[in-house]
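Participant: Quick one: sequence and predicted model below, then my questions.
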Amino acid sequence: MRRRFCWPLVALLPCPVLGKGDESCWVDGVTWEQCCAPRFGPEGNSGCWGGDFTFERCCIDSEAPLPAPLAESSEAYPGCFVRDVVLRHAGAHAVFADLSLYGHQGCFLKNCSNTDKFEAVDPGICARACAAVEGCTAWSYGQQYGTKKCFLRKSDEGRASLPHWISGLKACAPKALLPAAVAHSAANSEGLKKCDAGKGEECPNVRSAMNTWIFAIDHLQMAFRGRVDADTWQHIERIGQESRNFLQQLTSPYRPSDKDFPRVVYNNRLIFTHLEGALASQSSSESFFSEDASLPNPLRFGRLCGNTSCYDLT
């Protein structure tokens, strides 16, 4: 471990030992606060670990009882989560999945399409992600290195006490969204309608627009699978594939022309217009509010998704 000292540097005075975890870790001026403070998240300060010096040995009080296992709660979200408990990966408990819908930063190896974590502005986003991901049974949310992060877990066996963190089981999540209501609201969002005329001053980012269309189409498929005639279903599948093809081609050597985007958008809008009545009737009881920070951009603000995540506020 590197030797560290408290300010002022001219005094070169070792920092005081806080006496948490294995006290033999705190030598050469290195302290528990520098390595294990809650602000560093569930794995502590990564710069502190190497050889015999590990988070488990140095940060966790071996004599302190583990937090109790998470239990199903009769309370609705958010009353169902547990405070001051983090669910650590501990080399065994992470769930890796494509979380690019939910996160665009803070992912494992900067790859949000295969990660167990991502930055999120609200714990409800974390809970929604766990509810949607197969294999996720629990989630944790808190601050790591100055940003709020979500962690998905396949069990709660990595439990540890950590101030200001919260954890919940898969069922501890905001009310599930009706697919028809999501598809209807996203397709009719103000941001997406501005792109019906094609790329322009009001629609400068076709990648974000197409991500929003894909988000809407995915929920359209969930709403109408097995409920429409074969011809209509074929059209729904086709617009989904064409939208994904367009998105992939944006980064290929053979990029789509300015005429391709309005064509794909026209076909998408045609299907949604055809199903407008059915969508509206299925979603009439669902309302979305900007105060609900667990909602993606098209539902919360009427804005486009980001370049990847539908929660990207930049």
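Facilitator: Received the coordinates, thanks.
Participant: how far away is the closest residue to residue 157 other than its chain neighbours from residue 103?
Facilitator: What sits nearest to residue 157 in space, not counting adjacent residues and going by Cβ to Cβ, 6 or more residues apart in numbering, is residue 93, at 5.9 Å. No exception for glycine: its C-beta is placed from N, CA and C like everyone else's. Using Cβ to Cβ, to the nearest Å, residue 93 is found at 19 Å from residue 103.
Participant: Equivalent analysis for residue 208, please.
Facilitator: Per Cβ to Cβ, residue 208 is found 16 Å from residue 103.
Participant: for the longest strand along the chain, which positions count as buried?
Facilitator: Ranked by residue count and defined by DSSP state E, the top strand of the chain is strand 159-169. Within strand 159-169, the residues that qualify as buried are 159, 160, 162, 165, 166, 167, 168, 169, counting by 16 or more other Cβ atoms under 10 Å.
Participant: can you check stretch 104-120 too?
Facilitator: Under 16+ other Cβ under 10 Å, the buried positions of stretch 104-120 are 104, 106, 107, 112, 115, 116, 117, 118, 119, 120.
Participant: if we can go back for a sec, residue 93 and residue 103 - which one has more neighbours?
Facilitator: In this view residue 93 and residue 103 are compared by other Cβ atoms under 10 Å, and residue 103 has more residues nearby, 23 against 20.
Participant: Now do residue 1, the pLDDT please.
Facilitator: On the pLDDT scale, residue 1 is placed at 37.
Participant: Mind jotting down where the strands sit in the stretch 1-150 of the chain?
Facilitator: For the stretch 1-150 of the chain, the strands defined by DSSP state E, counting those that start in this stretch cover 82-87, 117-119, 138-144, 147-153.
Participant: Distance to residue 263 and mean pLDDT added to these, as CSV?
Facilitator: Below are those laid out as CSV (distance: least, Cβ to Cβ, whole Å; pLDDT from 0 to 100):
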stretch, distance to residue 263, mean pLDDT
strand 82-87, 47, 94
strand 117-119, 33, 97
strand 138-144, 40, 95
strand 147-153, 37, 97
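Participant: Quick one: closest of the ones you listed to residue 174.
Facilitator: Ranking the strands of the stretch 1-150 of the chain by proximity to residue 174 (Cβ to Cβ) places strand 138-144 first, at 12.3 Å.
Participant: Please pull out the lowest mean pLDDT helix or strand from this protein.
Facilitator: Lowest on mean pLDDT, DSSP states H and E among the helices and strands of the chain sits helix 55-59, with a mean of 86.
Participant: Could I get the full set of helices for this structure?
Facilitator: 32-36, 55-59, 123-132, 179-187, 190-193, 206-224, 230-249, 260-274, 276-283, 297-300 (DSSP state H).
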